[in-house]
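Chemist: A structural model of the following input is requested.
(one chain, ligands or ions: 1)
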Amino acid sequence: MARQIKTIGVMTSGGDSPGMNAAIRAVARACSYYNVKCIGFYRGYQGMIDNDYCEMTARSVRNIISAGGTILKSARSKEFRTPEGRKKAADNLKAIGVDAMVLIGGDGTFRGGQVFSQEYDIPVIGVPGTIDNDIAGTNYTIGYDTALNTVVEAIDKIRDTASSHDRLFFVEVMGRDAGFIALNSGVGAGAEEILIPEEDLGLDRLLESLKRSKRSGKSSSIVVVSEGDKIGKNVYQLADYVTDNLPDYDVRVTVLGHMQRGGSPTCFDRTLASRLCVKAVELLLDGEADIMVGLLNNKIVATNFEKGLEGDHSINKELLRISDILSV
Ligand code: ATP
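Modeler: Below is the predicted model:
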């Protein structure tokens, strides 16, 4: 028989993402609905280690659904990577009487949860909160949609100045290992080229494509570059390379950086966070553990951590073809 869950803990970990507050709110409210106590830990795993927490009620999460960032704050905890750190966290949870945890974060957070659940008999459920969208057990992570809209809005503005001054802009967006943000925002903003980690376009092809753009009468161009693209040059070196090889181009660089993590979450991210977190609480109360929840084909689905982390979650390369056709 499943053990009785009287108290559920929640934390946000790794890089913050818009919609984490909507997720915290949903955990606290679902706990309240099911008459379970809710404890929020500050700064992710570090708060569990430092015993830094607060009690969360339905009212303590009022008016946060629209706020970016996370009221519980987030952190990357080196200590939690050690067995000693994880023991401190487990001892604290037992001492406070936390029976189970909802972990909101990215793949690293889930890996931490996986190790923790193998070592200690404390059920955990992961909720994907990261702008990277790099988790297999869900089609979308909380924050990704907002980040895409932020990037598209920024590129639209850059386009204004690019076209006024007949310039070529390289716009670097987040994505060290995955090109989801670059690819989708690139298509959404009508970029001429998109460079992503999953596909090495090659410098020759890039030059060829830019020459073709000029020949076809385009006076300005936008190239969206994922942080982790494999072309072998960073965005500034790329700009120099193009300037050297295509002197007709007036080249500029914009690195969007952390603005991509901020801002009020879109309706999509708020709804996703709400659905995933109610389900996470319900699954814990049903005795489930050591899984993540995700949205797959518009259904909330639980997947074990291993599959959720290692399963196939590749970018849609069809979008590269679409981008090629549309940048003619
Ligand atoms: P983002 O996708 O936004 O970067 P993330 O959750 O992947 O978010 P990480 O910094 O990779 O961010 O992971 C968050 C925290 O999870 C780490 O700081 C660390 O405390 C813990 N963690 C990650 N991997 C492990 C691991 N293998 N063992 C134990 N803890 C881990």
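Chemist: Going by C-alpha atoms from here, please, whenever you check contacts or count neighbours.
Modeler: Noted.
Chemist: Quick check: phi and psi on the closest residue to the ligand within the stretch 201-328 of the chain?
Modeler: Distances between the stretch 201-328 of the chain and the ligand by Cα to the nearest ligand atom are smallest at residue 261, namely 9.1 Å. Summarising the backbone geometry of residue 261 under the convention degrees, to the nearest 10, its torsions are phi -90, psi -20.
Chemist: List of residues touching stretch 80-87?
Modeler: Contacting residues not belonging to stretch 80-87 are listed as 45, 46, 49, 79, 112, 116 [Cα atoms under 8 Å, 6 or more residues apart in numbering].
Chemist: Touching, residue 12 and residue 71? I think so.
Modeler: No. Residue 12 is not in contact with residue 71 according to Cα atoms under 8 Å; the separation is 9.0 Å.
Chemist: can you pull out the strands in the stretch 151-300 of the chain?
Modeler: Assigned strands in the stretch 151-300 of the chain, in chain order: 167-173, 193-195, 221-226, 250-255, 291-296, 299-304 (criterion: DSSP state E, counting those that start in this stretch).
Chemist: With mean neighbour count, distance to the ligand and mean pLDDT added, can I get those in CSV?
Modeler: Supplementary listing: the strands of the stretch 151-300 of the chain in CSV, determined by neighbours: other Cα atoms under 10 Å; distance: least, Cα to the nearest ligand atom, whole Å; pLDDT from 0 to 100:
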stretch, mean neighbour count, distance to the ligand, mean pLDDT
strand 167-173, 24, 14, 96
strand 193-195, 25, 20, 95
strand 221-226, 26, 15, 96
strand 250-255, 17, 18, 97
strand 291-296, 24, 13, 97
strand 299-304, 17, 16, 96
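Chemist: Save those strands as a markdown table, and put in distance to residue 40 too.
Modeler: Shown next, in a markdown table, are these (distance: least, Cα to Cα, whole Å):
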| stretch | distance to residue 40 |
| --- | --- |
| strand 167-173 | 32 |
| strand 193-195 | 39 |
| strand 221-226 | 34 |
| strand 250-255 | 34 |
| strand 291-296 | 19 |
| strand 299-304 | 23 |
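Chemist: And the ones you listed: which comes nearest residue 133?
Modeler: Distance to residue 133, taken as Cα to Cα, is lowest for strand 291-296 among the strands of the stretch 151-300 of the chain, at 11.2 Å.
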